[in-house]
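*Asks:* Using only what follows, build the 3D model:
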Amino acid sequence: MDILRQFFRKKSISQMLEQTESKHGSLRKALGAFDLTMLGIGAIIGTGVFVLTGVAAAKYAGPALVLSFVLAGLACVFAALCYAEFASTVPVSGSAYTYSYAAFGELVAWILGWDLILEYGVASAAVASGWSGYAQGLLAGFGIHLPTALTSAYDPAKGTIIDLPAVLITAVITALLMMGTRESAKFNNVMVFIKVVVILLFLAVGIGYVKPDNWTPFMPYGFAGVATGAATVFFAFIGFDAVSTAAEEVRNPQRNMPIGIITSLLICTVLYIAVSLVLTGIVPFELLNVKNPVSFALEFVHQDWVAGFISLGAITGITTVLLVMMYGQTRLFFAMSRDGLLPAIFSRVNEKRQVPRQSTLIVGGLVALFSGLLPLHKLAELTNIGTLFAFIVVSAGVLVLRRTNPGLRRAFRVPLVPLVPILAILFCGYLIYSLPGGTKIGFLIWLVVGTVVYLAYGRRHSKLARDASEC
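*Replies:* Below you'll find the model as predicted:
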């Protein structure tokens, strides 16, 4: 029974809030509602729209890709409302990991934290790989070609060894994050503006080349293909989740966190639907299985000058996704380390910059390693299932805390409880079901490994365990 109590010991919300007020090792509160919205757009619009739209249309959904985005968007809207309630109630670094610590206890929190390491870390690697594809396309337009061995992840059949551009962009983002949160946010805001302009340019030019015949057959792989497409492009929506990791660095988080999460998601969903309609209207869907489908579509209709500009805009846009994903990973490590579940090096804060610089350096090294050596599609699928699992647990957490702590001050409340959290759970569960079997097996193996790590290290070093033993 003692062991079971250890596994399910909970961290009170008052304890969490006290940690954020500590002068030692605290993070700078530098972000407002606009910064959060831009962080959300920066994380959401990127590899999903500039890279995975082509793969999902060609292999799974065809022109019905627009329905895939609607289905994935619905799942996200329901989950986003649940995140907004938690983020406004528990404005602490760590996202779903922190929320689970309050709702379910330490073991579930660890599992969520381990899951989010997969989500943010692997997502960063996938984004860096997508950035590399567009960067090489832009260089090729100027007649510059990298040696084959340095152009993609390790694949002896193709003669590739490492994705060098992915490694280099990861190093640049790592250096930027180490400069400070305010500086990173300013850079992100500029890049997001460029990215949105690029998407609007694609829509404005591309709509004139849409051929309705390309939308026939509309659903070539049936609704199962639409669902699998939704599970694939779901990767495109995970940005609002990363926004919640910034809670501890936000001015007036009770007001600003819900605004940033919900506004960024709604803006991006509308843009995604428009892009998928125009993209599949320009190019027959079976031709879209390429690394750079948006610029490819414009090249297909001989708008090469716009295609080049799109590639440049995509590069800057995908850069912001990498920035926010790596930012989220470092803040997750910070929260888990502060609780004793990871080594103390991850929660050491630089006094001058007020950021966890050592943790950022370690994250950058791991992302560079994975992005340089692992193929894009495998990375994206693992990220999707990790994100969906986190959404399910957070949605369930809203139901649990509403019952166990009904008097808790909630600056934002999910409407129509329990309907909305249940819909979030059902939608996300269906998308997990629609993912390939190999992805599910890989995810289960990851969770088993994580449980072993917790039993070997986290359980013994937990701050809650130390505090309990001292009482």
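*Asks:* C-alpha from now on. contacts and neighbour counts both.
*Replies:* Noted.
*Asks:* Ala166: neighbour count?
*Replies:* 30 (other C-alpha atoms under 10 Å).
*Asks:* In terms of helices and strands, where is it?
*Replies:* For Ala166, the host element (DSSP states H and E) is helix 164-179.
*Asks:* Can you name every helix or strand that that helix contacts?
*Replies:* If you count contacts as 3 or more C-alpha pairs under 8 Å, 6 or more residues apart in numbering; DSSP states H and E, helix 164-179 packs onto helix 122-141, helix 181-206, helix 304-338, helix 357-373.
*Asks:* which stretch among those comes nearest Cys82?
*Replies:* Among those, the nearest to Cys82 by C-alpha to C-alpha is helix 304-338 (18.4 Å).
*Asks:* which ones are touching the residue positioned nearest the centre of the chain?
*Replies:* Closest to where the C-alpha atoms of the chain average out (C-alpha atoms, centre = their mean) is Ile238, at 3.8 Å. Applying C-alpha atoms under 8 Å, 6 or more residues apart in numbering, we find Ile238 in contact with 43-44, 387.
*Asks:* again with Ser337
*Replies:* Applying C-alpha under 8 Å, 6+ apart, the residues contacting Ser337 are 343-347.
*Asks:* ok, now Phe8?
*Replies:* Phe8 makes contacts with 104-108, as judged by C-alpha under 8 Å, 6+ apart.
*Asks:* show me where pLDDT drops low in the stretch 351-471 of the chain?
*Replies:* 374-381, 468-471 (pLDDT under 70).
*Asks:* can you do 90?
*Replies:* Low-confidence segments of the stretch 351-471 of the chain (pLDDT under 90): 351-359, 365-388, 390-391, 401, 404-412, 427-428, 430-443, 446, 455, 457-471.
*Asks:* Quick one: the helices in the stretch 201-350 of the chain, in order.
*Replies:* Here the stretch 201-350 of the chain has its helices, by DSSP state H, counting those that start in this stretch, at 222-233, 239-243, 253-282, 293-300, 304-338.
*Asks:* Can you check what angle separates the helix holding Ala166 from helix 357-373?
*Replies:* 170 degrees (axes from the mean of the first three to the mean of the last three C-alpha atoms, to 10 degrees).
*Asks:* So which bits of helix 164-179 are buried?
*Replies:* Across helix 164-179, burial judged by 16 or more other C-alpha atoms under 10 Å covers 164-167, 169-171, 173-178.
*Asks:* Quick check: mean pLDDT of that helix?
*Replies:* Taken as a whole, helix 164-179 has an average pLDDT of 91.
*Asks:* Pull the residues that contact it.
*Replies:* 125, 128-129, 131-132, 135-136, 150-152, 183-184, 319, 322-323, 326-327, 353, 355-357, 360-361, 364-365, 367-369, 371-372.
*Asks:* List only buried entries from those residues.
*Replies:* Here, 16+ other C-alpha under 10 Å leaves 125, 128-129, 131-132, 135-136, 150-152, 184, 319, 322-323, 326-327, 353, 355-357, 360-361, 364, 367-369, 371-372 buried among the contacts of helix 164-179.
*Asks:* Could you report the distance from Ile161 to Ser152?
*Replies:* 7 Å (C-alpha to C-alpha, to the nearest Å).
*Asks:* just Gly137 next, same as before
*Replies:* Distance from Gly137 to Ser152, by C-alpha to C-alpha: 13 Å.
*Asks:* Which parts of the stretch 351-471 of the chain are helices?
*Replies:* 357-373, 376-404, 419-434, 437-453, 459-461, 463-470.
*Asks:* Ramachandran coordinates for Leu341?
*Replies:* phi -80, psi -10 (degrees, to the nearest 10).
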